[in-house]
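Colleague: coordinates only, sequence not included:
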């Protein structure tokens, strides 16, 4: 079937990039924490929030140099930032990270629950250690961070000069919270858990004017999936799953996160936003199945 934009290798498709330090800083004065922010989607969101005026805590677990480079970029836009190493699956680490944030920034307005990983295996070969590691970081880590944020949001309440909401939590999930993924059972289970956890928290904390939503990326150009887009052949195969016929960029996710964190989306809570170029439209059925 002819399409107006047939699949081509990504080198012919310029990446979508955010403007440097836009004049409109819709998150000016807000305090944000981004977990897993030293690379990929977390890096893009941290920079995007900084460009929008928010002060940012850049959480990382391994790459200190990259985390410090992100801090420098946020500061270049006039916001404040610092890097903090913590394992989000460790309750003491999470409590320590929030305690330092309250000392440095006074409070939190925005939590981006992004930290996540994959440990893939065929199901019959998957070890309990692989299962537990992915669930502990991808799901329990989001629980621990959201719990600390909600405690602060409830304590402080709404500050009208800052935001219409007492706080915003954005859970970075995946299209695989609804699309099964053979060979990645632990990852898909963790993201399915994030989806229902997000909705349940949103229902519980909405009366306190706390908004909780998810962003669910599809195929995005990040180091974790480089094999899926780094050659023309791989990219062409990937485009069979993407009706919009281009790979996602981290800035596509960052723009969505900035909007969900802003008062422009104040009446939205408990929602999953699929930023996926149409992957969840079941492209295999585009000609009738």
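Modeller: Nice, I can see it. What you see is a predicted model, and the numbers here were worked out from it, not measured in a lab. Numbering: from 1, shown residues only.
Colleague: show me where pLDDT drops low in the stretch 101-250 of the chain?
Modeller: 230 (pLDDT under 70).
Colleague: for it, which segments count as helices?
Modeller: Listed in chain order, the helices of the stretch 101-250 of the chain (DSSP state H, counting those that start in this stretch) span 128-135, 141-156, 185-205, 232-239, 250-261.
Colleague: list of residues touching stretch 185-194?
Modeller: Identification of contacts with stretch 185-194 by C-beta atoms under 8 Å, 6 or more residues apart in numbering yields 113, 116, 118-120, 123, 126, 130-131, 134-135, 138-139, 142, 171, 173-174, 176-181, 214, 216. Where you see a C-beta, it was placed from the backbone N, CA and C, and this is true even at glycine.
Colleague: could you check how far that stretch is from the centre of its chain?
Modeller: Centroid separation for stretch 185-194 versus its chain: 15 Å, with C-alpha atoms, centre = their mean, to the nearest Å.
Colleague: point out the most buried one among the helices of the stretch 101-250 of the chain.
Modeller: The highest average neighbour count among these, using mean count of other C-beta atoms under 10 Å, belongs to helix 250-261 at a mean of 24.
Colleague: so among the contacts of stretch 185-194, which ones count as buried?
Modeller: Buried residues within the contacts of stretch 185-194, counting neighbours by 16 or more other C-beta atoms under 10 Å: 113, 116, 118-119, 126, 130-131, 134-135, 138-139, 142, 171, 173-174, 176-177, 179, 181, 214, 216.
Colleague: give me the subset of these lying in strands.
Modeller: Residues of the buried ones among the contacts of stretch 185-194 located in strands (DSSP state E): 113, 171, 214, 216.
Colleague: which of these sit farthest apart?
Modeller: Spatial extent of these (C-beta to C-beta) is set by the pair 113 and 216 at 12.7 Å.
Colleague: report the contact partners of residue 166.
Modeller: Residues near residue 166 by C-beta under 8 Å, 6+ apart: 153, 154, 156, 157, 158, 159, 208, 209, 210.
Colleague: ignore the last one, residue 270
Modeller: Applying C-beta under 8 Å, 6+ apart, we find residue 270 in contact with 198, 199, 202, 203, 206, 212, 213.
Colleague: just residue 25 next, same as before
Modeller: Residue 25 touches 51, 52, 53, 77, 78, counting by C-beta under 8 Å, 6+ apart.
Colleague: neighbours of residue 30, how many?
Modeller: 26 (other C-beta atoms under 10 Å).
Colleague: do residue 125 as well
Modeller: 8.
Colleague: before we move on, what about residue 240?
Modeller: Residue 240: 11 neighbours (other C-beta under 10 Å).
Colleague: what separation do you get for it and residue 252?
Modeller: Counting by C-beta to C-beta, to the nearest Å, the gap from residue 240 to residue 252 is 20 Å.
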